[in-house]
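*Asks:* My questions concern the predicted model and sequence given below.
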Amino acid sequence: MAESISKSHNVCVLLYHLVCPAKYRRKIFTDEVTKSLLLICFEITAKHEIKFIEIGTDADQMHFLIHGIPRMSPSGIVNIVKSITAWEIFRLYPEVKTMLWGGHIWSSGYYINTVGQHGREEVIKSYIENQGRVTEYKKIYSNQLRLF
């Protein structure tokens, strides 16, 4: 079982696999952009109680394994992740905006799935790692879950 988050009135283990494709499936996630995106995600963790367990890319989409808290809905987590990362990437890399007419870094759609506590996080991690074999998937962050 994954490490739980303890609050004053609850204890939880809420894991989500989130996939966010870049607008028009443009290959915008260069090494430099992904390095900055990783730091942005750490800032999100500090401010919004969203813990990133694993982050990866295959150049035209990002994969996140996220540990959330009960007061945040999955769509709320998606909104926070997509809006803050887009704002910061455009601020840091204005040239990315020229690759994406319309002013959006992310496509309007996304994929999110819950991850079960009985070994399922390993299946999702494996899926994320193997997702980009054809398109050169690059893991840019991994945080070990502690088991009870």
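*Replies:* Alright, I've got the coordinates. Numbering: from 1, shown residues only.

*Asks:* Adjacent strands (with direction) for the strand or helix carrying H17?
*Replies:* Element membership of H17 [criterion: DSSP states H and E] is strand 14-21. Paired strands of strand 14-21, with direction, are strand 61-68 (antiparallel), strand 111-115 (antiparallel) (DSSP bridges).

*Asks:* Could you list the alpha-carbon positions for stretch 122-132 in PDB?
*Replies:* Written as PDB, here are the backbone C-alpha positions of stretch 122-132 (Å, rounded to 0.1, in the frame of the first residue of the first chain):
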ATOM      1  CA  GLU A 122       3.700  -0.300 -10.400                       C
ATOM      2  CA  VAL A 123       1.600  -1.300 -13.400                       C
ATOM      3  CA  ILE A 124       1.000   2.400 -14.200                       C
ATOM      4  CA  LYS A 125       4.700   3.300 -13.700                       C
ATOM      5  CA  SER A 126       5.600   0.500 -16.100                       C
ATOM      6  CA  TYR A 127       3.000   1.700 -18.600                       C
ATOM      7  CA  ILE A 128       4.300   5.300 -18.400                       C
ATOM      8  CA  GLU A 129       7.900   4.100 -18.800                       C
ATOM      9  CA  ASN A 130       7.100   1.900 -21.800                       C
ATOM     10  CA  GLN A 131       4.700   4.500 -23.400                       C
ATOM     11  CA  GLY A 132       7.300   6.200 -25.400                       C
END
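
*Asks:* Ok, which of the strands paired with strand 14-21 comes nearest E129?
*Replies:* strand 61-68 (9.0 Å; C-beta to C-beta). (C-beta placed from N, C-alpha, C; glycine too.)

*Asks:* so after the closest one, what's the next helix or strand?
*Replies:* On the C-terminal side of strand 61-68, the closest following helix or strand by DSSP H and E is helix 74-92.

*Asks:* Point out the other elements, helices or strands, that the following helix or strand past that next one touches.
*Replies:* Next in sequence after helix 74-92, counting helices and strands by DSSP H and E, comes helix 94-99. In terms of contacts (3 or more C-beta pairs under 8 Å, 6 or more residues apart in numbering; DSSP states H and E), helix 94-99 is packed against helix 74-92.

*Asks:* Right, I'll call it a day here.
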